[in-house]
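Asks: Output the structure for:
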Amino acid sequence: MPIASEVLAALPQAIGRPYYAEWSNDGRTWTKCRIAAGSASVTADRTAETRYSAQADLADVTEGRNGISALTTNVRLWQGVQLPRRDPVWFPAGRYSVTRTSRTAGGVGVELDGLEDDLRSASFPIARTVGPGSARQLVPQLVNEALPGVPVAWRAGIDPDTHVPQIVASEDRWAVLSSGSDSTGTSTGIAAALAGEIWADARGVITVGPVPTLDDPVVWTIARGIGGALIRPTSETTREGVANVWAVSGDGGDGSPAVGPAYAWDDDPNSPTYAGPDPIGDPLAPQRLGLNGVRVRVQRYSSSVITSYGQAAQVARAKLADSLGVQASLSFTSACNPALEAGDVVAVEVDPRVWQRHIIDALSYTLGAASMSCKTRTTSRRL
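Replies: So this is what the prediction gives:
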């Protein structure tokens, strides 16, 4: 999220971390309330179905029809950074639906889930067809049927004017919006077919954006040592989820010619997941060239929403970028950066003068605390 460079540089020296909450039962009128000290924890995880989740003890509020309700109430959390001789700089920390309430000594305890939970719950009452039309037309329609008044944003790298063919949807609204599949296993997800993903961001805006890659701009450089933001890094590696070859195709199931498949593979000879010079057209090349360490790990993806070979190739590249970035992960505690989002790319000084690019997969913090915990991933080729 936007943050001034001087605020970013001064995060380790912030003299205060104020915070508050707002609640609403109609989505238009918001009432500010206090949060009991140390009671509000926030998690943002791009690998979870609901990106933002939280819990908090709201003070000086009541339950019921005119108060906090697990049926109708939305809560917005805010956190600030207090620098010397300045007003606090405020950042959104999620817009949530209340999923559970409990009485506390000073108010109401709430468990909170992001707005994706409302979209997931709003299944279609009867089977219906969606489209044809552009993603720009269909996505806001599907969102606003379940979340009236909630806007949809399109991030750079996604073409919202991409044509979406007619989709037969049995019941799952979120599957149509995100990356679901029909009874045959063919994907019907609009965001996935755009080589992207969909989520509710920290402001509560339903956002469609590209799958993050390590080539994205670095938003935060996290240094070690005195005055640095990095407190404690711990690393591990795994091959779980690694795929170095993707085959992506489109098949509407309506008798029209299938699209693709389009292929994407790791073609970097210096990468530990190198798939060879051409695993599709020349699978014996590693044998012939003496590349005995090459191992091919293939994944396939088919979507009824993919209508052109170029679109299939774009999705294949996005799938490859996402599946190569799970070889080395890093868990660290740092100064709390309230502008950081899951999916951002950071540069981390893991050892003195040794820097790595990492994608933030998950982050968590307590409102008011000076530190946050992050889980990241990178590819070994970037180490």
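
Asks: which stretches of the chain aren't confidently modelled?
Replies: Filtered on pLDDT under 70, the chain yields the residue ranges 180-186, 225-233, 235-240, 252-256, 325-328, 379-383.

Asks: helix or strand right after the longest strand belonging to it?
Replies: When the chain is scanned for its longest strand (criterion: DSSP state E), the result is strand 89-103. Moving toward the C-terminus from strand 89-103, the next helix or strand (DSSP states H and E) is strand 107-114.

Asks: Tell me which stretches of the stretch 51-200 of the chain form strands.
Replies: Under the criterion DSSP state E, counting those that start in this stretch, strands of the stretch 51-200 of the chain are mapped to 52-59, 74-81, 89-103, 107-114, 128-130, 133-134, 152-154, 163-164, 167-169, 196-200.

Asks: The helix or strand hosting residue 318: what's the following helix or strand?
Replies: When elements are assigned from DSSP H and E, residue 318 belongs to helix 309-324. Moving toward the C-terminus from helix 309-324, the first helix or strand encountered (DSSP H and E) is strand 328-335.

Asks: Return that following strand as PDB; C-alpha atoms alone will do.
Replies: As requested, C-alpha coordinates have been extracted for strand 328-335 and formatted as PDB (Å, rounded to 0.1, in the frame of the first residue of the first chain):
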ATOM      1  CA  ALA A 328      13.300 -21.900  -0.300                       C
ATOM      2  CA  SER A 329      11.200 -20.100   2.400                       C
ATOM      3  CA  LEU A 330      12.100 -17.600   5.000                       C
ATOM      4  CA  SER A 331      10.400 -16.900   8.300                       C
ATOM      5  CA  PHE A 332      11.400 -13.600  10.000                       C
ATOM      6  CA  THR A 333      10.300 -11.100  12.500                       C
ATOM      7  CA  SER A 334      10.800  -7.400  11.600                       C
ATOM      8  CA  ALA A 335       9.600  -4.000  12.500                       C
END
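
Asks: Now do the buried residues in that strand.
Replies: Taking 16 or more other Cβ atoms under 10 Å as the basis for neighbour counts, the residues of strand 328-335 that come out buried are 328, 329, 330, 332, 333, 334, 335. In this view, the C-beta of every residue, glycine as well, is placed from N, C-alpha and C.

Asks: buried residues in the helix or strand following that strand?
Replies: Past strand 328-335, further along toward the C-terminus, the next helix or strand under DSSP H and E is strand 345-351. Residues of strand 345-351 classed as buried by neighbour count (16+ other Cβ under 10 Å): 345, 346, 348, 349, 350.

Asks: Stretch 267-275 too?
Replies: For stretch 267-275, burial by neighbour count (16+ other Cβ under 10 Å) applies to 271, 272, 273, 274, 275.

Asks: Please identify which helix or strand holds the second one.
Replies: What that stands for is residue 272. Secondary structure here is read from DSSP H and E; on that basis residue 272 sits in neither a helix nor a strand.

Asks: Please give me every residue in contact with the nearest residue to residue 298 once chain neighbours are set aside.
Replies: With Cβ to Cβ, 6 or more residues apart in numbering as the measure, residue 245 is the residue that lies nearest to residue 298, at 4.5 Å, once sequence neighbours are left out. Under the criterion of Cβ atoms under 8 Å, 6 or more residues apart in numbering, the contact list for residue 245 reads 263, 264, 265, 266, 275, 279, 280, 296, 297, 298, 299, 320.
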